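Undergrad: From the sequence below, what's the structure:
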Amino acid sequence: MACGPCMGAAGDEPDGGKLQPIAKRSCTDILCCFLFIVFWVGMLLIAAYSILFGNVFRIIYGYDSFGNICSMENEPIEGVELSGMDMTNKSRVFFMDIRDPVRSMEICVSQCPDEMLNTNEEVKDFATETGSRLCRYDIDTSEYPTADQGLDGPCPEVVYESKNIINRCVPVQLEEFVREFIDNVIEALNSAELISKALADVYMARWAILAMCVIALVLAFLMVFLIHIVAQIVVWLIYIISVVGSIAGTVALWITWKMKKDMFEQLPELEQLDAASRNVQAFLIYSICATVFTVILCLVILVMRKRIAFTVELYHQAGKALSAMPLLLIQPVWTFLILAVFFIYVAAVFVFISATGHPTVMNDTGYVTYDPPSPVRHFWWYHAVGFIWTAEFILACHQFVIAASVADWYFTREKKKYSSPILKAIGRLTSYHLGSMVFGAFIILLVKIPRAILLYIQYKLKDSANEVAKCVLKCLSCCLYCLEKFLKYINENAYIIIAIEGGGFCNSARKALIILLSNSLRVAAINCVGDFVLFLGKLTVVALTAVSGLLIMGFQDDPRLIFYAIPVGIGSIFAYIFASCFLSVYEMAVDTLLLCFCEDTRINDGSAEKPYFMDKSLMEFVSKSSKKMNKKKKKSDKEDETDADPAAVRLHESPEKSSPTGDGPRDEVDAPLDPAKEAKEV
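TA: Residues are numbered from 1 along each chain as shown. Predicted coordinates for the structure are as follows:
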């Protein structure tokens, strides 16, 4: 395993931000990698302790108030009379009074009651017929009619018709149970009638939502395929489809609102329900918002149309890169699977931690409980920090593999002979730069922990009357959120620099910041257009999915559905997630190409001694733009050029030829790359 301290690799030296691809690498951020390994050793020790001393069957099967685990043979507990019983044939936990499960006596039963039992006589008959005894173990069935009822038994206070949920007997009429016994929850549900109806609509439209998810998945794959195959066409196509999709969605919402409004107005006044009126108002609000959004979208596209040419060429290069490395398109799938496996592992460890502890007799009730020892309770926090840190580390490795593959492709002169890029990137990551990924993930962790603490404090103070404290907490949370986004952006570019140069994280992050600042206008202009195109791709998937959802539910015409907007909104959210997942590869590839392009034009001048690494088509595009720029410039400055000093003329024509970090003059090809000038010409 390879890594190095914050200073980076041994060969890292301050160079004013100069960046050059290297073939020979050294280990980076070893100290960070060592600390990460030590931290993981602690996590593994916690997992081992939890597995050895935790009884997960106690969580799965449950246990009664006497310490007996259901579905198992048990050892006696000292001082507990009914402990150590054989519960092999009793696999369900039953509460004497389910209305107060915390204080209620619990016993193991062989079968949950499948009907409402109102008296002890009925409980006796149920035990005789099924063999499932619902009273305390030492009470014979003949004693059921005269036995006491209550929280502490020996017979149940009330018996509801129940079903087995995770080996617990849970009442079937849970909604009625909630209405009767959990006043605070039911008051919230009663006051939020819309929430209840919306949840009901989600359940009714579950198959339509599933169909929308399938459509979104297909559209996301199709969008990646279109960008991958015809990058030059799809950019314009995305612009057109996004506008048409937004207009179609807006028109569909207005038509739906008009239909709902007409149907509502045709009803007799006595049948005009408040829910139907609110539904009409909701569609009106959605329609107005969609209209405003569509107008803004059209205006933004109109303003940005002049920069589309360079975006097309940039995406053409990204398409070439991904054509040479098609397996990069499924990189998010592998990352998702790794994260899913890691999440399952962490969840399992959390369960085992919960299952630790020795039987303890409660003084007030005499019942047995299993509380984890005091030090073990802190294992949760240690493991939670490890979960966040490792998850960010996995995402950092994901970004590095994409960046390294694309950067290697860009800085390879014989691109047709380029082979095994992904394996090389993974090998480079595991051999040299794991520590740098750990360091980047740790920086994000340092921001996430205070954010989580602030969110917890906000939750605790939500009912507080101190508005000043609430405002301060919200401001701090907002600042930390912005800081996290900024650091993630710097980290992403630092990983690109590490992929190209092979330095340590701190040095690479500094260089990335210098490069971004020295090319701020160029990066801002081109990156904005690139991100905007990707956003339009996501929007296209979302808009087409939403229209499909409206059509599906329109054809179904289910009278039980009240709020169409809720299922459509849920389907659209899933569509955006799918599109974001698959287009994230393109996003990282574009960002990498932008940084490689900026550095290529900064350190090279296109001469025989310093030839460009860029692809010929991109070089031709830049040259054509340069010629157009110079032609217009010479025409406008013709009179000044006649009398001016040649050196001054050169500086006047190309003020950006000097490197922002003092690397000397640059070739004229770089002149049109000033985004302010390029926007006028390209």
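Undergrad: CA only for contacts and neighbour counts going forward, please
TA: Fine.
Undergrad: Bridged to Ile69, which residues?
TA: With DSSP bridges applied, the residues forming beta bridges to Ile69 are Tyr63.
Undergrad: Correct me if wrong, but Thr360 is in a strand.
TA: Yes: per DSSP: H, G, I helix; E, B strand; the rest coil, Thr360 lies within a strand segment.
Undergrad: surely it meets Pro373?
TA: No: contact criterion Cα atoms under 8 Å: Thr360 and Pro373 do not qualify, at 10.8 Å.
Undergrad: which intervals of the stretch 351-500 of the chain have sub-threshold pLDDT?
TA: Under the criterion of pLDDT under 70, the regions of the stretch 351-500 of the chain flagged as low confidence span 418.
Undergrad: ranges for the strands of it?
TA: Taking DSSP state E, counting those that start in this stretch as the test, the strands found in the stretch 351-500 of the chain are 358-361, 368-371.
Undergrad: And for the stretch 51-200 of the chain?
TA: Listed in chain order, the strands found in the stretch 51-200 of the chain under DSSP E, counting those that start in this stretch are 92-95, 106-109, 162-165, 168-171.
Undergrad: could I get those as TSV with mean pLDDT, mean neighbour count and distance to Asn279?
TA: Converted to TSV, these look like this (pLDDT from 0 to 100; neighbours: other Cα atoms under 10 Å; distance: least, Cα to Cα, whole Å):
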stretch	mean pLDDT	mean neighbour count	distance to Asn279
strand 92-95	88	29	42
strand 106-109	89	28	46
strand 162-165	81	17	36
strand 168-171	83	22	33
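Undergrad: Redo these as a markdown table? Include distance to Gly84.
TA: Putting those into a markdown table (distance: least, Cα to Cα, whole Å) gives the following:
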| stretch | distance to Gly84 |
| --- | --- |
| strand 92-95 | 16 |
| strand 106-109 | 13 |
| strand 162-165 | 24 |
| strand 168-171 | 21 |
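Undergrad: Figure out which of these is closest to Asn74.
TA: Proximity to Asn74 (Cα to Cα) singles out strand 106-109 among those, at 12.4 Å.
Undergrad: and that closest one, how far from the chain's centre?
TA: Taking Cα atoms, centre = their mean, to the nearest Å, one finds the center of strand 106-109 at 41 Å from the center of the full chain.
Undergrad: And Ile552, what's its pLDDT?
TA: As predicted, Ile552 sits at a pLDDT of 75.
Undergrad: so after the helix or strand in which it is found, what's the next helix or strand?
TA: Assigned by DSSP states H and E, Ile552 falls within helix 520-556. Using DSSP H and E, the helix or strand that follows helix 520-556 in sequence is helix 565-603.
Undergrad: so how many other residues sit close to Ser132?
TA: Counted by other Cα atoms under 10 Å, the residues lying close to Ser132 total 19.
Undergrad: Hmm, Ser110 and it touching each other?
TA: Yes: because the distance of 5.2 Å satisfies Cα under 8 Å, Ser132 is recorded as touching Ser110.
Undergrad: And Val280, how far from Ala575?
TA: To Ala575, Val280 is 25 Å away according to Cα to Cα, to the nearest Å.
Undergrad: So which of those two has more stuff around it?
TA: In this comparison of Val280 against Ala575, neighbours counted by other Cα under 10 Å, the higher total goes to Ala575 at 30 against 22.
Undergrad: Not counting sequence-adjacent ones, nearest residue to that one?
TA: Ala216 (4.8 Å; Cα to Cα, 6 or more residues apart in numbering).
Undergrad: Please list all residues in contact with that neighbour.
TA: If you count contacts by Cα atoms under 8 Å, 6 or more residues apart in numbering, Ala216 has them with Val541, Val542, Thr545, Phe574, Ala575, Phe578, Ala579.
Undergrad: circling back to that earlier point, closest to Ile59 out of the strands of the stretch 351-500 of the chain?
TA: Taking Cα to Cα, strand 368-371 is the member of the strands of the stretch 351-500 of the chain nearest to Ile59, at 10.5 Å.
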